[in-house]
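> sequence and predicted model, in that order:
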Amino acid sequence: MALNLIEQLSLETWNPSLEPAQQAAATDALETGRVLYLPHLRFEVKPDEQRFLSTQWSDGKSKNIYLRGRQRTLRGAAGASQDLAALSAMLERFSGQAQQLVSALFPHYVAQLDPGNTSFRPFEIEGRTSSWRKDDTRLHADAFPSNPTHGARLLRVFTNVNPHGKPRVWRVGEPFADMADRILPRARRQWPGEAALLHALHVTKRRRLAFDHYMLELHDRTKADLDYQRDMPQQRVEFPPGSTWIVFSDQVLHAVMSGAMMLEQTWMLPVSGMRRPETAPLRVLERKTGRALV
Ligand code: SIN
Ligand code: FE
């Protein structure tokens, strides 16, 4: 079956004024698991910032360069302090524009959005090696071992800033609920005391609730199943330089196949901030397991 998960919007500015009907349509598309694709929304890299479109600013340890959450400290980068200040300023400008965009498209969310990292991803994806669990060329819904969300949504804005014309190539897969129908029966239950133990050992930054446990199980078992990776209904998408896209990455099954040089901003959104909370992974998994998961 052919999928079409792409909802295209023709915006050309980061602070458009939109009608309530357009905002409602964009919110519905996002919450029902579509990718909002803005082919004409470009992040402007200034002439003296072009030098940052390179892997040379990486500290060689971290795969991304990023401003951390609310602290806004630059991580993953190495260089002279003046250069790093200019690199931070570029990331801050992108972050501010992404915030304007999200406010224009989803005004309903604004009061409840909690800003996360702003990242620059300089490295070429194709040919990069990693363990299967960290391999983002395999389709997955985002879930992080050390960062339990307790059901909050992961809203992400991406923009391709590749200076050599190279698209970022993704695959996107079947709806979250269909994935859960297939994979949830294989998920193990949490052991009694497991959440408290992982927290005490500082494996997790806060308690891994049943929801977070199931999300990690789904993430891992989806990535581990190569037949499912190959056979699930899916769609290949190319995001060229100068384009922007928005997803709930805890919901949309996604994989990145190739590309280099992208900017990304994350927010957390509580389920109570959604227009259609019944579409949240938390509510989907609660319906399927028949229990409260947070
Ligand atoms: C991911 O979230 O799995 C990676 C997306 C990307 O880097 O394009
Ligand atoms: Fe991901």
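In hand now; what should we look at? Ligands and ions are numbered 1, 2, ... in the order given.
> so what's the closest residue to ligand 1 within the stretch 1-150 of the chain up against?
Per C-beta to the nearest ligand atom, D136 is where the stretch 1-150 of the chain lies closest to ligand 1, at 3.5 Å. For every residue, glycine as well, the C-beta is placed using N, CA and C. Taking C-beta atoms under 8 Å, 6 or more residues apart in numbering, we find D136 in contact with I125, S130, A255, V256.
> and these, which are buried?
Buried members of these, scored by 16 or more other C-beta atoms under 10 Å, are I125, A255, V256.
> now stretch 186-199: buried residues?
Buried, per 16+ other C-beta under 10 Å, within stretch 186-199: A187, Q190, A195, L198.
> what residues does the protein have near ligand 1?
Residues of the chain found near ligand 1 (C-beta under 6 Å from any ligand atom) are R121, D136, D142, R168, S249, H254, V256, M262.
> confidence score at the closest residue to ligand 1 within the stretch 151-294 of the chain?
As assessed by C-beta to the nearest ligand atom, ligand 1 sits closest to V256 within the stretch 151-294 of the chain, at 3.5 Å. pLDDT recorded at V256 is 98.
> looking at the protein, which residue lies furthest from center?
Distance from the centre of the chain peaks at P192, with 30.7 Å (C-alpha atoms, centre = their mean).
> quick one, grab the pLDDT at it.
For P192, pLDDT reads 93.
> got it, and the one 4 residues further on?
Per-residue pLDDT puts A196 at 94.
> part of a helix, is it?
Yes - counting by DSSP: H, G, I helix; E, B strand; the rest coil, A196 falls inside a helix.
> which elements pack onto the longest helix along the chain?
Identified as the longest helix of the chain according to DSSP state H is helix 81-105. Helices and strands touching helix 81-105, by 3 or more C-beta pairs under 8 Å, 6 or more residues apart in numbering; DSSP states H and E, are helix 20-31, strand 65-68, strand 73-75, strand 114-121, strand 153-160, strand 244-248, strand 262-269.
> the shortest one pairs with which strands?
Here strand 73-75 is paired, per DSSP bridges, with strand 65-68 (antiparallel).
> buried residues in the partner strand?
So for strand 65-68, counting by 16+ other C-beta under 10 Å, buried means I65, Y66, L67.
> number of residues surrounding S17?
Neighbours of S17 under the rule other C-beta atoms under 10 Å: 7.
> tally of neighbours for the closest residue in space to it that isn't next to it in sequence?
Nearest residue to S17, sequence neighbours excluded (C-beta to C-beta, 6 or more residues apart in numbering): A104, at 7.0 Å. Each residue near A104 was counted by other C-beta under 10 Å, and the total is 19.
> in this structure A104 contacts P20, no?
No - counting by C-beta atoms under 8 Å, A104 does not reach P20; the two are 11.9 Å apart.
> S272: neighbour count?
10.
> for D83, that is, sorry about that
Quick note: D83 (other C-beta under 10 Å) scores 14 neighbours.
> check whether K63 really touches S119, as I assumed.
No - the pair K63 / S119 is not scored as a contact, 9.4 Å apart, by C-beta under 8 Å.
> neighbour count for those two, which is higher?
S119 (25 against 16).
> where does the more buried one land on pLDDT?
98.
> wait, it sits on S62?
No - at 9.7 Å, S119 and S62 do not qualify as touching, with contact defined as C-beta under 8 Å.
> circling back to that earlier point, now the buried ones among the contacts of D136 in CSV, with distance to H213 and secondary structure?
CSV is the format used below for these (distance: C-beta to C-beta, whole Å; DSSP: H, G, I helix; E, B strand; the rest coil):
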residue, distance to H213, secondary structure
I125, 29, coil
A255, 23, strand
V256, 25, strand
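> just say helix, strand or coil for E12.
On the three-state scheme (three-state DSSP), E12 is labelled coil.
> can you tell me the closest non-neighbouring residue to it?
Spatially, and ignoring its direct neighbours in sequence, E12 is nearest to H40 (4.8 Å; C-beta to C-beta, 6+ apart).
> want to throw the buried ones among the contacts of D136 into JSON lines with distance to L155?
Shown next, in JSON lines, are the buried ones among the contacts of D136 (distance: C-beta to C-beta, whole Å):
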{"residue": "I125", "distance to L155": "22"}
{"residue": "A255", "distance to L155": "19"}
{"residue": "V256", "distance to L155": "18"}
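> which among the helices and strands packed on helix 81-105 is found nearest to D220?
strand 153-160 (16.9 Å; C-beta to C-beta).
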